[in-house]
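Engineer: Just to be clear, the model below is a prediction. Sequence and coordinates:
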Amino acid sequence: MFGSVDYFINSFKACIMINYQLEKPCSISTKYSLLKAEIMERAGNHEEQLIYLRNVERAYKIINRELFEWEEEKDGS
């Protein structure tokens, strides 16, 4: 469902997977900005916007943590 943390996590993960096939990939921070813009357009009211913005922030932090932990494990650090 649009606006949930899971929705945004899946959106970030899809971005990562699609980047493997693109000539000019989209960074996670760019995707984060695009999702925030989408929230501003789609949210029905200010309260809904705040909830969705909090959720996208949480999802962004989760994805970054997963990526950096994976990199550390891969590097053996």
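Structural biologist: Sure thing, it's come through.
Engineer: mind checking which helix or strand the residue nearest to the spatial centre of the chain is in?
Structural biologist: Nearest to the mean C-alpha position of the chain, by Cα atoms, centre = their mean, lies Phe12 at 3.8 Å. Taking DSSP states H and E as the criterion, the element that holds Phe12 is helix 5-19.
Engineer: Residues contacting that helix, please?
Structural biologist: Residues outside helix 5-19 that contact it (Cβ atoms under 8 Å, 6 or more residues apart in numbering): 1, 25-26, 28, 31-32, 35, 55-56, 58-60, 62-63. From N, CA and C alone the C-beta is placed, and that goes for glycine too.
Engineer: Out of those, which sit inside helices?
Structural biologist: Secondary structure from DSSP state H places Ile28, Lys31, Tyr32, Leu35, Asn55, Val56, Arg58, Ala59, Tyr60, Ile62, Ile63 of the contacts of helix 5-19 in helices.
Engineer: tell me which of those residues is nearest to Glu48?
Structural biologist: Nearest to Glu48 among the ones in helices among the contacts of helix 5-19 is Asn55, at 10.5 Å by Cβ to Cβ.
Engineer: Setting aside sequence neighbours, what's the nearest residue to the closest one?
Structural biologist: If the residues on either side of it in the chain are set aside, Asn55 comes closest to Val5, at 4.8 Å by Cβ to Cβ, 6 or more residues apart in numbering.
Engineer: which residues does Ala43 contact?
Structural biologist: By Cβ under 8 Å, 6+ apart, the residues touching Ala43 are Gly3, Gln49, Tyr52.
Engineer: and if you look at Lys36?
Structural biologist: Taking Cβ under 8 Å, 6+ apart as the test, what Lys36 contacts is Leu53, Val56.
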